[in-house]
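Enquirer: Dropping a prediction and its sequence here:
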Amino acid sequence: MPPKKTKKKSIEEEIEERVNEEVEILDDIGDNKKKAQDLNNLLSCGDAVLNLHLTGNARGAFLAGSSNHLVGASSAGKTWLSYSIMAESSLHPRFKDFDLIYDDQEDGSQFDIEYYFGKSTAERIQAPNEDGSMSTTVEQFMDSLERRVRIAKETGKGFLWFLDSFDALRSEADISKMEDNMKAREAGKQTGGTFAMSKQKEGAQRYGHIVDRLKETGSMVFLISQQKEKIGSMVPTKTWSGGVWLKFYSTIQLFLDVKEKIYKTIKGKKRNLGTKSKVNITKNRITGIEHKNVPMIINNKFGVDLLLNAIDYLCEESYWGGGKTDSAKVDSSVTFKTEPMTKEKLAQYIDENDKYEELFDAMQNCHNEIEDEIEKRTVRSKRYK
């Protein structure tokens, strides 16, 4: 009699099973144990390589109850990453019923959300205000966010809020000042002095009180900023506008920049297929470790390319053989017991055969081996028992 086929677990079931496991990483030195981050408290960003660099866990990136700051150049992938985080919440048992609020003041997102990120994600996305309007001033943003925090506490239903972007917000004081200056010019009078600090003062004064209460419901806020060049610096330095509080209250701060555009020759002409971005982790309260130039691939057809980026990572770390170039074949037999194949063919194989969990396990094993080697370089006895 043939063996009975077992029903394949869904992604949600896989996560729930892993959440319920007591995961501990044994420390080789002494009797101490380091506990891994509980996957129930982590939401994936949609890219397993970036997940690993943020938390040491291939399946999770952002911590429940946190505020996070995404800074980036134009076309570097800030919006793609934001929607990927929202889509990942649909796969996570804790976050799948959270409200998704996209405060798109820039009105820069014209995606077909259902096509790229699924119906369940599209149906949950809502505007910050009941009338469907977006935040236009920092005061309105803080008021709306404050109300949502209160609602979340009353109902027990959390939310993910994305502000795109903080740069696009004005302040009521600045708007009033602009109107006064306009009237003064019309009357032939001299205008007043500078203005532009009220926005960051409002944020610095009010935001901390809001962040303190996010943990009550596991809600998260993602503040998006445009990357700017720091004026007056002898060395080119990337920064943002709006004040240091944006970083101060963040659990994670990321800087996204364009490394290069991806071109392939199709029907005799070079076609733009996407972007290779690089991510600098400039603040990380989860592990305390910052990283530079973490790769992230954005495909024009579906966004964050988790598979190719993961394959590149495993090849570059020599966990899989070959694959040093896009056209070279990858030997992934240590994981999948398959014949060597090109990166794109391997990506299709993983996708068509739903081998994502095996891929994440391989990445986790690779990462853990690297961490073990790092620990061996600095062996110390435990001073605190």
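Expert: Structure's in. What do you need?
Enquirer: from here on, contacts and neighbour counts on C-alpha atoms
Expert: Noted.
Enquirer: Would you mind listing the buried residues in stretch 166-179?
Expert: Neighbour-count burial for stretch 166-179, counted by 16 or more other C-alpha atoms under 10 Å, picks out 166, 167, 168, 169, 170, 171, 172, 173, 174, 177.
Enquirer: ok, now stretch 142-149?
Expert: Result for stretch 142-149 [16+ other C-alpha under 10 Å]: buried residues 142, 144, 145, 146, 148, 149.
Enquirer: Could you export these as JSON lines, including pLDDT, distance to residue 128 and secondary structure?
Expert: Below are the buried residues of stretch 142-149 laid out as JSON lines (pLDDT from 0 to 100; distance: C-alpha to C-alpha, whole Å; DSSP: H, G, I helix; E, B strand; the rest coil):
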{"residue": "142", "pLDDT": "96", "distance to residue 128": "11", "secondary structure": "helix"}
{"residue": "144", "pLDDT": "97", "distance to residue 128": "7", "secondary structure": "helix"}
{"residue": "145", "pLDDT": "97", "distance to residue 128": "8", "secondary structure": "helix"}
{"residue": "146", "pLDDT": "97", "distance to residue 128": "11", "secondary structure": "helix"}
{"residue": "148", "pLDDT": "97", "distance to residue 128": "8", "secondary structure": "helix"}
{"residue": "149", "pLDDT": "97", "distance to residue 128": "12", "secondary structure": "helix"}
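Enquirer: Arrange these in JSON lines, one row each, with distance to residue 383 as further columns.
Expert: Output for those, formatted as JSON lines (distance: C-alpha to C-alpha, whole Å):
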{"residue": "142", "distance to residue 383": "45"}
{"residue": "144", "distance to residue 383": "48"}
{"residue": "145", "distance to residue 383": "44"}
{"residue": "146", "distance to residue 383": "44"}
{"residue": "148", "distance to residue 383": "45"}
{"residue": "149", "distance to residue 383": "42"}
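Enquirer: What is the nearest of these to residue 323?
Expert: For the buried residues of stretch 142-149, the residue nearest residue 323 by C-alpha to C-alpha is residue 145; the value is 46.6 Å.
Enquirer: got the contact list for that closest one?
Expert: For residue 145, the contacting residues are 128, 210, by C-alpha atoms under 8 Å, 6 or more residues apart in numbering.
Enquirer: one more time with 10 Å, if that's ok
Expert: Shown in contact with residue 145 (C-alpha atoms under 10 Å, 6 or more residues apart in numbering): 128, 129, 135, 139, 151, 161, 207, 210, 221.
Enquirer: I'd assumed residue 174 was in contact with the fourth one.
Expert: No. The pair formed by residue 139 and residue 174 falls short of the contact definition of C-alpha atoms under 10 Å, at 11.4 Å.
Enquirer: Give the intersection of the neighbour lists for those two.
Expert: Common contacts of residue 139 and residue 174, defined by C-alpha under 10 Å, 6+ apart, comprise residue 199.
Enquirer: Tabulate the CA atom coordinates of stretch 369-384 in PDB.
Expert: The C-alpha trace of stretch 369-384 is given here as PDB (Å, rounded to 0.1, in the frame of the first residue of the first chain):
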ATOM      1  CA  GLU A 369      27.800  29.100  10.600                       C
ATOM      2  CA  ILE A 370      29.200  32.600  10.000                       C
ATOM      3  CA  GLU A 371      28.200  33.700  13.500                       C
ATOM      4  CA  ASP A 372      29.800  30.700  15.000                       C
ATOM      5  CA  GLU A 373      33.100  31.500  13.200                       C
ATOM      6  CA  ILE A 374      32.900  35.100  14.400                       C
ATOM      7  CA  GLU A 375      32.400  34.000  18.000                       C
ATOM      8  CA  LYS A 376      35.500  31.700  17.800                       C
ATOM      9  CA  ARG A 377      37.600  34.800  17.000                       C
ATOM     10  CA  THR A 378      36.900  36.400  20.300                       C
ATOM     11  CA  VAL A 379      36.700  33.700  23.000                       C
ATOM     12  CA  ARG A 380      36.200  35.000  26.500                       C
ATOM     13  CA  SER A 381      34.900  33.500  29.700                       C
ATOM     14  CA  LYS A 382      31.600  34.700  31.100                       C
ATOM     15  CA  ARG A 383      32.000  37.300  33.800                       C
ATOM     16  CA  TYR A 384      28.300  37.500  34.700                       C
END
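Enquirer: Pull the distance from that stretch to the chain's centre.
Expert: Centroid separation for stretch 369-384 versus its chain: 29 Å, with C-alpha atoms, centre = their mean, to the nearest Å.
Enquirer: pLDDT on that stretch, on average?
Expert: Regarding stretch 369-384, the rounded mean pLDDT is 88.
Enquirer: start at 52 instead
Expert: From this message on, residue numbering opens at 52, which makes the last subject stretch 420-435.
Enquirer: Next, count neighbours for residue 319.
Expert: Residues contacting residue 319 under the criterion other C-alpha atoms under 10 Å number 7.
Enquirer: so residue 341 touches residue 104, yeah?
Expert: Yes. Counting by C-alpha under 10 Å, residue 341 does reach residue 104; the two are 8.3 Å apart.
Enquirer: The two: which is more packed in?
Expert: residue 104 (20 against 16).
Enquirer: In space, what's closest to that one - neighbours in sequence excluded?
Expert: With sequence-adjacent residues excluded and distances taken as C-alpha to C-alpha, 6 or more residues apart in numbering, residue 104 is closest to residue 342, at 7.1 Å.
Enquirer: now swap in residue 398 and tell me
Expert: Distances taken as C-alpha to C-alpha, 6+ apart place residue 358 nearest to residue 398, at 5.6 Å, with adjacent residues excluded.
Enquirer: helix, strand or coil for that neighbour?
Expert: helix (DSSP: H, G, I helix; E, B strand; the rest coil).
Enquirer: tell me the secondary structure for the closest residue to residue 176 other than its chain neighbours?
Expert: Spatial nearest neighbour of residue 176, excluding adjacent residues (C-alpha to C-alpha, 6+ apart): residue 151 at 4.6 Å. Using three-state DSSP, the secondary structure recorded for residue 151 is strand.
Enquirer: tell me the pLDDT at residue 151?
Expert: At residue 151, pLDDT is 98.
Enquirer: Repeat that for the one 5 residues further on.
Expert: As predicted, residue 156 sits at a pLDDT of 79.
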